[in-house]
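Chemist: kindly generate the corresponding structure for this input.
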Amino acid sequence: MNSFDFKSLEKRERAKFINSLSGFKSANLVGTKSNKGQTNLSIISSAFHLGANPALIGFIIRPDTIARHTLNNIRENMFSTLNHVTKEIYQRAHQSSARYPEDVSEFNACGLTEIFHEDFLAPFVKESPIALSLKLIEEVPIKHNGTHLLINEIQNVYLSDSLVEKDGHVDIEKAGTICVSGLDSYHETNLLERLPYAKP
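Modeler: Residues are numbered from 1 along each chain as shown. Modelled structure (predicted):
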């Protein structure tokens, strides 16, 4: 195995290289709505579990040196949704990463359906089998590169009861959830085994 000289790569090549190194990541769509009523949808691969009690999910938003509609909307009203991406919608979900004008909803531009559950402000993706409503509780600026860590509390979870196993485990493979590597490679998954709780 050789040391790879990634520092000499051209900017876009370096971004793709570094982004691939962390391995497979979740693919999710973040739905938001501005206080003016404009909906927004953005694909992310940075969502991660932060704790179960309280139930917290974190994700990273890129630097706001240019307009970040998702970040702006969450800052305005604190609410967003997190929607799993499946094989059926990954191409449309990927298209949401394009830089659309603020007055264009990615739901419409990408052919996805916005729906609302109960009185929650932010829109959900109808085509997604697992969706979470989130409320921002903390924004942590990451000074080293200008990104933003958003820490969110899960308000509600929307999914079929058939996806929840007796021990509470959610079978995301049964839901058809896929994952992403790098910036643009989408993958199906294959369960190897569920292992018992590890003890010394």
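Chemist: give me the buried positions along the worst-scoring helix or strand of the chain on mean pLDDT.
Modeler: Lowest on mean pLDDT, DSSP states H and E among the helices and strands of the chain sits helix 11-20, with a mean of 90. Within helix 11-20, the residues scored as buried using 16 or more other C-beta atoms under 10 Å are Asn19. For glycine as for every other residue, the C-beta is placed from the backbone atoms N, C-alpha and C.
Chemist: swap in stretch 149-157?
Modeler: Using 16+ other C-beta under 10 Å as the test for burial, stretch 149-157 gives 149-154.
Chemist: which residues touch the residue positioned nearest the centre of the chain?
Modeler: What sits nearest the mean C-alpha location of the chain, by C-alpha atoms, centre = their mean, is Asn28, with 3.2 Å. Applying C-beta atoms under 8 Å, 6 or more residues apart in numbering to Asn28 gives the contacts 43-45, 47, 59, 82-85.
Chemist: and if you look at Asn156?
Modeler: 117-118, 120, 132-133 are the contacts of Asn156 under C-beta under 8 Å, 6+ apart.
Chemist: which ones among those map onto strands?
Modeler: 132-133 (DSSP state E).
Chemist: which of the contacts of Asn156 lies closest to Ala198?
Modeler: Leu132 (27.4 Å; C-beta to C-beta).
Chemist: distance of that closest one from Ala47?
Modeler: Plainly put, Leu132 is 9 Å away from Ala47 if you go by C-beta to C-beta, to the nearest Å.
Chemist: common neighbours of these two, please.
Modeler: 57, 82.
Chemist: and the contacts of Asn156, which is closest to Thr177?
Modeler: Distances from Thr177 to the contacts of Asn156, taken by C-beta to C-beta, are shortest for Leu132, at 12.6 Å.
Chemist: help me confirm that that closest one comes into contact with Val157.
Modeler: Yes - Leu132 lies in contact with Val157 (C-beta atoms under 8 Å); the separation is 5.4 Å.
Chemist: quick one: the strands in this protein?
Modeler: Using DSSP E, strands in the chain cover 25-26, 28-33, 39-44, 48-52, 55-61, 79-84, 114-115, 124-125, 131-142, 147-158, 179-181, 185-187.
Chemist: let me have those in a markdown table, extended by distance to Glu13.
Modeler: Listed next are the strands of the chain as a markdown table, based on distance: least, C-beta to C-beta, whole Å:
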| stretch | distance to Glu13 |
| --- | --- |
| strand 25-26 | 19 |
| strand 28-33 | 26 |
| strand 39-44 | 21 |
| strand 48-52 | 26 |
| strand 55-61 | 21 |
| strand 79-84 | 30 |
| strand 114-115 | 35 |
| strand 124-125 | 32 |
| strand 131-142 | 23 |
| strand 147-158 | 20 |
| strand 179-181 | 16 |
| strand 185-187 | 15 |
